[in-house]
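Q: sequence unavailable; structure follows:
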């Protein structure tokens, strides 16, 4: 895998909520064309890291750059609503779809900021190709889908935002194993077609099998970072996260 | 996204408008009842409820103080038109300005409070409703306290005089006799476009046209980018944020739009009464009535909300008073016996209607979408 230039650079960020500091100088980078996974236990700060990159949680130290441009630093950054048009798109944790909109309407909300109808139609066709169940259910209400289908919908909706970097927060959470496999396959396929992906997961084994590189986050600090294949056999990872 | 330029009325919207348009025909059939006057309040409440629907139905924010914006619209209209004030800008300018002032008031209330969620926002809007009412009561120098501002002008038909003289030149509308025949029972002046209390049908139709304009506005708002933003915020704020929507801004716009429509309803109400009436005309009961209209009619559905206004306000302001009068005339009911006058059963019927609706048709008469459990 030939890695391109760094797309997302997180440098020494410190962040938290109220008096609780969650991230203590976390640094990581995602290069163009990669799948990078961030693994770690509950409360390690995985979601907070993504929220910082999305501009939702403010930084207390450090900075974040996207495509060579600084998007977050202490005391502010690019407004969250301006990051999506630049291609930094997050699929939030827990399948946050719009339950009383149809599947098609949900997908179209992803294209809300776009002004290229032809491109949107092309991406829609791509999503339907990736998840054919969504095409079958396109006029059904989002809330009537199964958990796995909702996760597919959330990913499809994010793809219609035309991302350069897709940040996924726990896409496997609470989903039937068969559908998890289907979703991870789709992630791989998306990456093959050129999309860079930052995957946050508790399902460490599946995530490391999929990813090129991985970071291990433990109580707000990156404790390990290496090629995913090496992390898969690393004794420390095996002991802590792979249950062996 | 395929952008449609404009969409006109749906079949359901055409049906409710046609239903309303038919009421003056009942005046022809039953000259003794004269529905066109009281039916104007149905139109006023329909506009008020459509404003509330933007906030409650589309954006999912519970607003219990919509009557405050109606009051603001009514008093703005009063101050802008009444003879005791220096402005006297006329019906149409006052109507537009009332809407603008209402939108500003909505923005002013929304800016500091919209970060609140659910019940907390409901309580703040409830308090706002009371504050506005008390404010109007006590700012005697400006609002005339409980007297209300009056007299207020009736609507005029724009370019009515010009069209009339045009018609007279062509020879269509010269003789008053011809007009009388066309108007049926209503003793009208020779000017087809003059609106007065002697021409309740014309007045009603003017209000109906305004309702149609509001429906057209709402319908196109519903499918606009802004409408999508509201729906997204209602469904899931965090997900909306991930789609590059700023929930706070979207909510603020919903509040302002809803308040503008409520203020326009207030201005029309004041013109209908020829007075702002006393501030108690815009009390909590009115907010609740508007909320009931939205819920009974079908939350989120334009057709449903208008239908809800026809059913609820039609019952309380038209059918029950007419029945009471008829019974008194027939000697069945009397003013002394409260139980014998149907008018007094209004809230009993409302309460029953709400309970039955919640039990058998919780999405309202016209439902947009089945509620889905998360």
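A: Noted; the coordinates are in hand. Quick caveat, the model's predicted, so the values are computed rather than measured. Numbering: from 1, shown residues only, chains lettered A, B, ... in the order given.
Q: what residues does chain A have near chain B?
A: Counting by C-beta under 8 Å from any C-beta of the partner chain, the residues of chain A close to chain B are A:54, A:56, A:79-85, A:89-92, A:96-101, A:108-114, A:117, A:120, A:141-144, A:154, A:157-158, A:161. Any C-beta I mention is one placed from the backbone N, CA and C, and that applies to glycine too.
Q: from those, which land in helices?
A: Among these, the residues falling in helices (DSSP state H) are A:80-85, A:108-110, A:117, A:120, A:154, A:157-158.
Q: ok, the residue of chain A found nearest chain B to residue A:179 distance?
A: When scored by C-beta to the nearest C-beta, chain A has residue A:143 as its residue closest to chain B, at 3.0 Å. Residue A:143 sits 17 Å away from residue A:179 when distances are taken as C-beta to C-beta, to the nearest Å.
Q: which residue sits closest to the closest residue to chain A within the stretch 51-200 of chain B, ignoring its sequence neighbours?
A: Nearest to chain A in the stretch 51-200 of chain B, going by C-beta to the nearest C-beta, is residue B:60, at a distance of 9.9 Å. In space, and not counting its chain neighbours, residue B:60 is closest to residue B:234: 3.3 Å by C-beta to C-beta, 6 or more residues apart in numbering or on different chains.
Q: check residue B:309 too.
A: Among residues not flanking residue B:309 along the chain, residue B:46 sits closest, at 3.7 Å (C-beta to C-beta, 6+ apart).
Q: that neighbour is in what secondary structure piece?
A: Under the criterion of DSSP states H and E, residue B:46 resides in helix B:36-53.
Q: gap between the helix or strand just after that helix and the chain center?
A: On the C-terminal side of helix B:36-53, the nearest following helix or strand under DSSP H and E is helix B:66-81. With C-alpha atoms, centre = their mean, to the nearest Å as the basis, helix B:66-81 stands 13 Å off its chain's centre.
Q: what angle separates helix B:66-81 from helix B:36-53?
A: For helix B:66-81 against helix B:36-53, the angle by axes from the mean of the first three to the mean of the last three C-alpha atoms, to 10 degrees is 120 degrees.
Q: so which bits of the helix or strand following helix B:66-81 are buried?
A: Under the assignment DSSP H and E, the closest C-terminal helix or strand after helix B:66-81 is helix B:91-113. By neighbour count with 16 or more other C-beta atoms under 10 Å in any protein chain shown, helix B:91-113 contains the buried residues B:91, B:94-95, B:97-99, B:101-107, B:109-110, B:113.
Q: low-confidence ranges in chain A?
A: Within chain A, the segments meeting pLDDT under 70 span A:1-3, A:243-244.
Q: show me where it has helices.
A: Counting by DSSP H, chain A has helices at residues A:46-53, A:80-86, A:103-110, A:117-130, A:132-136, A:147-159, A:177-192, A:204-210, A:228-233, A:235-240.
Q: make TSV from the ones you listed and add distance to residue A:67 and mean neighbour count to it.
A: Formatted as TSV, those follow (distance: least, C-beta to C-beta, whole Å; neighbours: other C-beta atoms under 10 Å in any protein chain shown):
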stretch	distance to residue A:67	mean neighbour count
helix A:46-53	12	24
helix A:80-86	7	19
helix A:103-110	20	24
helix A:117-130	19	15
helix A:132-136	29	16
helix A:147-159	18	24
helix A:177-192	18	16
helix A:204-210	23	21
helix A:228-233	23	16
helix A:235-240	30	14
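Q: of the ones you listed, which approaches residue B:314 most closely?
A: Residue B:314 lies closest to helix A:103-110 among these, at 34.0 Å (C-beta to C-beta).
Q: which elements pack onto the closest one?
A: Applying 3 or more C-beta pairs under 8 Å, 6 or more residues apart in numbering or on different chains; DSSP states H and E, one finds that helix A:103-110 makes contact with helix A:117-130, helix A:147-159, helix B:225-235.
Q: low pLDDT regions in the stretch 201-350 of chain B?
A: Scanning the stretch 201-350 of chain B for pLDDT under 70 picks out B:333-335.
Q: please redo it, this time with the cut-off set to 90
A: For the stretch 201-350 of chain B, applying pLDDT under 90 flags the ranges B:201-202, B:223-225, B:237-239, B:241-246, B:277, B:316-350.
Q: can you list the residues of it near chain A?
A: By the rule C-beta under 8 Å from any C-beta, the part of the stretch 201-350 of chain B lying against chain A is B:225, B:228-229, B:231-232, B:234-236, B:238-246.
Q: for residue A:13, give the beta-bridge partners.
A: In this entry, residue A:13 is beta-bridged to residue A:26, by DSSP bridges.
Q: buried residues in the longest helix along chain B?
A: Secondary structure of chain B per DSSP H: the longest helix is helix B:247-273. For helix B:247-273, a neighbour-count test (16+ other C-beta under 10 Å) marks B:247, B:250-273 as buried.
Q: stretch A:149-168: end-to-end distance?
A: When the termini of stretch A:149-168 are compared using C-alpha to C-alpha, to the nearest Å, they are 16 Å apart.
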